[in-house]
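# the sequence isn't on hand, but the structure is:
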């Protein structure tokens, strides 16, 4: 229904006739229609919604007006209406839907150009703090806007963002542009541009013509002008931060692009149950059998630490081992489902059997049709590609669950580039897919009873069902009933990872594999890699799973080299 006209005074109650009044502002009415719910209470405006602390007066004035309204307006019986009690509670308590902000003084962050080119949305990542852009930053931003590279696209996006902020209604550059005018309510600060010459003295050894030194001059001038307020330089350039600290200026790296501060904090996908697990949980465990699997419903202190599709295991000398996967979490209970043992020869997948606990966990995810997205992390030689290919061939050729295997990877060289590659798309990708050829050779040897001609025919059939694609042409594609393998995913940025995962159509399964210790892409770290990003964002989703493979099975030489080199 359309919104009633706004009250003439803050916190004034509407008369009943106003509920059916026509809307005065179509834009506000559309926002109301998007936020309405199906409950009958949502059809009429509530008293709590009439209070808007953002319009001025602060929280103290907001509470005083609410109390004044409560004491002035009452129900026919003389007692306050129930809505007034809600208003008092809303005035006296902070809103729970908003993130609690720090109560200390706000800072002034001076952004370097590389931060804007790295993340076009960085302007909205500083919460209640203010942002200052030196004029030289805008000049450098203008010089990077041409081209089709990722940096050029980010530069153009940043320019559009600045234009939208400057063109907002009531915007005043002299007083600072409100960062929440474009809909980003999490940004509560202002954006300031350098509109006048700022003078400061730097050591003579720093040439004034260089852009970095001009930014440092601005930071020093702002520090003197706004003392004792904190003025902080934010830059992705390590040398820039070192120079700033050498001059006594506060400098920080831009941390918002990092999913994790430390790679050791990455979700591993498996949890070892404590030694006293059965002593604490054994009395309340319910168990039942369904097919070849046993289910356990547990309650206890360990349940809050579990996630959907997380693997748990219990190993203790003299006691039976337990290997299970969390399939359901409700309130204070969790359901565990025992696993299929792919280490046994009768359960081999395309002739491949798992050799350790983590490989068995991974194979259970790869062979589960209900799991649409699987991420595998591990050092070299842990069997990531071999298991993904073996399960893919089984589900494509034997089970007919998927129509074909699509394999792609980030084409990042370890050393110097050897130049352009000849041929079609698949021929150009051939040198990058040496891992595919190596693993297909292993899988072809598992079929020993077919003879030489039979193995040759099998290889031709396998090759016909595996397509090698380049990531450069993935935009706009949709994969239907495909088994997609993304190899060397640690070299992808979060944006590239999003582009690939969103290609999945109905019936498609995507497997991302990578070794976070071997990142070859410049400017990517373990914390900012696309693989880390995907693992962290998908953990706990019922149709995804992750496992970190711990032990190498390639050879004793490769295993030892991974540890000591």
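Here it is on my side, so go on. All of these numbers come straight from a predicted model, not from anything done at the bench.
# next up, the contacts around residue 393.
Applying C-beta atoms under 8 Å, 6 or more residues apart in numbering to residue 393 gives the contacts 350, 405, 443, 462, 465. For every residue, glycine as well, the C-beta is placed using N, CA and C.
# is it true that residue 306 touches residue 312?
Yes: shown here, residue 306 and residue 312 form a contact pair, counting by C-beta atoms under 8 Å, at 7.3 Å.
# who has more neighbours out of these two?
It is residue 312, of residue 306 and residue 312, that has more neighbours when counted by other C-beta atoms under 10 Å, with 21 against 15.
# could you confirm the more buried one falls within a helix?
No: looking at residue 312 with DSSP: H, G, I helix; E, B strand; the rest coil, it is strand, so not inside a helix.
# follow-up on the earlier one: neighbour-wise, give me the winner out of the contacts of residue 393.
If you rank the contacts of residue 393 by neighbour count (other C-beta under 10 Å), residue 405 sits at the top with 23 neighbours.
# where does pLDDT dip in the stretch 1-150 of the chain?
1-104 (pLDDT under 70).
# where in the protein is pLDDT low?
Within the chain, the stretches with pLDDT under 70 are 1-104, 259, 261-264, 412-419, 425-434, 446-455, 457.
# quick one: the lengthiest helix in it to chain centroid distance?
The longest helix of the chain (DSSP state H) is helix 150-166. Relative to the centre of its chain, helix 150-166 is centred 22 Å away, using C-alpha atoms, centre = their mean, to the nearest Å.
# now do it: which elements does it pack against?
Packed against helix 150-166 by the contact rule (3 or more C-beta pairs under 8 Å, 6 or more residues apart in numbering; DSSP states H and E) you find helix 113-118, helix 135-143, strand 177-178.
# next, the angle helix 135-143 makes with it.
With axes from the mean of the first three to the mean of the last three C-alpha atoms, to 10 degrees defining the directions, helix 150-166 sits at 120 degrees from helix 135-143.
# buried set for helix 150-166?
For helix 150-166, burial by neighbour count (16 or more other C-beta atoms under 10 Å) applies to 154, 155, 156, 157, 158, 159, 161, 162, 165.
# for the last one, which non-adjacent residue is spatially closest?
By that I understand residue 165. Distance criterion C-beta to C-beta, 6 or more residues apart in numbering; nearest residue to residue 165, sequence neighbours excluded, is residue 177 at 4.6 Å.
# now do the third one
Spatial nearest neighbour of residue 156, excluding adjacent residues (C-beta to C-beta, 6+ apart): residue 145 at 5.1 Å.
# got a list of what that neighbour touches?
Applying C-beta under 8 Å, 6+ apart, one finds that residue 145 lies in contact with 152, 155, 156, 159.
# next one: residue 365
309, 371, 374, 545, 547.
# starting at the chain centroid, how far to the helix or strand in which it is found?
Using DSSP states H and E, residue 365 falls within helix 357-366. Mean C-alpha position of helix 357-366 versus that of the full chain (C-alpha atoms, centre = their mean) differs by 24 Å.
# and stretch 209-216, by the same measure?
Offset of stretch 209-216 from its chain centre (C-alpha atoms, centre = their mean): 34 Å.
# what's in contact with it?
Taking C-beta under 8 Å, 6+ apart as the rule, stretch 209-216 contacts 110, 112-113, 134, 136-137, 139-140, 202, 206-208, 233, 237, 240, 243-244, 247, 249.
# could you redo the last one with a cut-off of 7 Å?
Here stretch 209-216 makes contact (C-beta atoms under 7 Å, 6 or more residues apart in numbering) with 110, 112, 134, 136-137, 140, 202, 206-208, 240, 243-244, 247, 249.
# if any of these are buried, put those into a ChimeraX selection.
To isolate the buried members of the contacts of stretch 209-216 in ChimeraX, using 16+ other C-beta under 10 Å:
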select :110,112,134,136,137,140,240,243,244,247,249
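# packing partners of the biggest strand by length in the chain?
The longest strand of the chain (DSSP state E) is strand 322-330. If contacts are counted by 3 or more C-beta pairs under 7 Å, 6 or more residues apart in numbering; DSSP states H and E, strand 322-330 sits against strand 311-314, strand 333-338.
# okay, the ones you listed in TSV with distance to residue 299 next?
Below are the helices and strands packed on strand 322-330 laid out as TSV (distance: least, C-beta to C-beta, whole Å):
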stretch	distance to residue 299
strand 311-314	14
strand 333-338	5
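# out of those strands, nearest to residue 390?
strand 311-314 (19.6 Å; C-beta to C-beta).
# strands paired with the closest one, and their directions?
strand 270-272 (parallel), strand 322-330 (antiparallel) (DSSP bridges).
# burial of residue 563, as a residue count?
Residues lying near residue 563 (other C-beta under 10 Å) number 8.
# tell me the SS of it?
Following three-state DSSP, the label given to residue 563 is helix.
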